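Q: make a model of this:
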Amino acid sequence: MPKSYIITVKKGEDKEEVKQHVIDSGATITHDYTLIHAFTAEFPDDAVTTFETHPKVEAWELDQTVTTQ
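A: A predicted model of the protein is given here:
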């Protein structure tokens, strides 16, 4: 099953360029945020994710459900 990640792009960097890099790696963009400089992408299980060290990426985190008590 594919895993979904929220990718936050560094301020001042081109989000569309990072999105294209993600698409080229075999992922699918599932949501493009407007309030934050980020998007969500779904990666196949066998995709190698190297975005943790991408120079234009601020943060890379697993998209998951968050609850409050």
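
Q: so H54 sits against H21, correct?
A: Yes: counting by Cβ atoms under 8 Å, H54 touches H21, with 7.3 Å between them. C-beta: built from backbone N, CA, C; applies to glycine.

Q: and K15, what are its phi and psi?
A: Per-residue torsions, K15: phi -60, psi -40 (degrees, to the nearest 10).

Q: find the nearest non-adjacent residue to it, please.
A: In this structure, K15 finds its nearest non-sequential neighbour in V9, 4.6 Å apart by Cβ to Cβ, 6 or more residues apart in numbering.

Q: just give me the neighbour total for that neighbour.
A: 22 (other Cβ atoms under 10 Å).

Q: now T68
A: When counting by other Cβ under 10 Å, one arrives at 3 neighbours for T68.

Q: could you do H54 as well?
A: By other Cβ under 10 Å, 17 other residues sit near H54.

Q: which residues touch it?
A: By Cβ atoms under 8 Å, 6 or more residues apart in numbering, the contact set of H54 is 18, 21, 60.

Q: closest to I29 out of those?
A: Closest to I29 out of those is V18 (10.3 Å), distances taken as Cβ to Cβ.

Q: run the chain-centre distance for the helix or strand containing the closest one.
A: Assessed by DSSP states H and E, V18 sits inside helix 15-24. Remark: helix 15-24 is offset 9 Å from the chain centroid, using Cα atoms, centre = their mean, to the nearest Å.

Q: tell me the buried residues in that helix?
A: Within helix 15-24, the residues that qualify as buried are 15, 18-19, 21-22, counting by 16 or more other Cβ atoms under 10 Å.

Q: what is that helix packed up against?
A: In terms of contacts (3 or more Cβ pairs under 8 Å, 6 or more residues apart in numbering; DSSP states H and E), helix 15-24 is packed against strand 3-9, strand 28-32, strand 38-43.

Q: change it to 10 Å
A: strand 3-9, strand 28-32, strand 38-43, strand 57-62 (3 or more Cβ pairs under 10 Å, 6 or more residues apart in numbering; DSSP states H and E).

Q: alright, that wraps it up for me.
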